[in-house]
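# Sequence and predicted structure below; questions after.
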Amino acid sequence: MKEVIGNVRGVIGLAIELGISLIAVAVLVQILFGSTQFFGQDVVANITNMISGFGQQGLVGLFAFAVLLYVFNKQAKSIA
């Protein structure tokens, strides 16, 4: 059972790593080429709106941002 859970966590970790890499590439492409669309989305505007949303929600937004930051930091440590 521990082996199955370990495998599932590994797959989820790889999926998160892939998603973060795609976001980084999308931001880079949008900055370098000035394209406002990458995979049909305006990535920089979406990130800006998400951060703005955290600020508008007060304490709940701060808590959500802290949880998101914790997940990213934990993932970065497990990759390194």
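Okay, I see it. Numbering: from 1, shown residues only.
# What residues of the helix-or-strand element of the chain with minimal mean pLDDT count as buried?
Among the helices and strands of the chain, helix 59-79 carries the lowest confidence by mean pLDDT, DSSP states H and E, at a mean of 74. In terms of neighbour count (16 or more other Cβ atoms under 10 Å), helix 59-79 has its buried residues at residue 65. Glycine gets a C-beta too; all of them are placed from N, C-alpha and C.
# Now it - C-alpha only, CSV.
Extracted C-alpha coordinates of helix 59-79, given in CSV (Å, rounded to 0.1, in the frame of the first residue of the first chain):
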residue,chain,number,x,y,z
LEU,A,59,-7.1,37.4,5.3
VAL,A,60,-8.6,34.5,3.3
GLY,A,61,-6.6,35.5,0.3
LEU,A,62,-3.4,35.7,2.4
PHE,A,63,-4.0,32.3,3.8
ALA,A,64,-4.7,30.8,0.3
PHE,A,65,-1.5,32.5,-0.9
ALA,A,66,0.5,31.0,2.0
VAL,A,67,-0.8,27.5,1.3
LEU,A,68,0.1,27.9,-2.4
LEU,A,69,3.5,29.1,-1.5
TYR,A,70,4.0,26.2,0.9
VAL,A,71,3.1,23.7,-1.8
PHE,A,72,5.5,25.2,-4.3
ASN,A,73,8.3,25.4,-1.8
LYS,A,74,7.7,21.8,-0.7
GLN,A,75,7.7,20.7,-4.3
ALA,A,76,10.9,22.6,-5.1
LYS,A,77,12.7,21.1,-2.1
SER,A,78,11.7,17.5,-3.2
ILE,A,79,13.0,18.2,-6.7
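# Okay, the most centrally placed residue in the chain and residue 32: tell me how far apart.
Geometric centre of the chain, nearest residue: residue 20, 5.1 Å, by Cα atoms, centre = their mean. Look at residue 20 and residue 32: by Cβ to Cβ, to the nearest Å, they are 19 Å apart.
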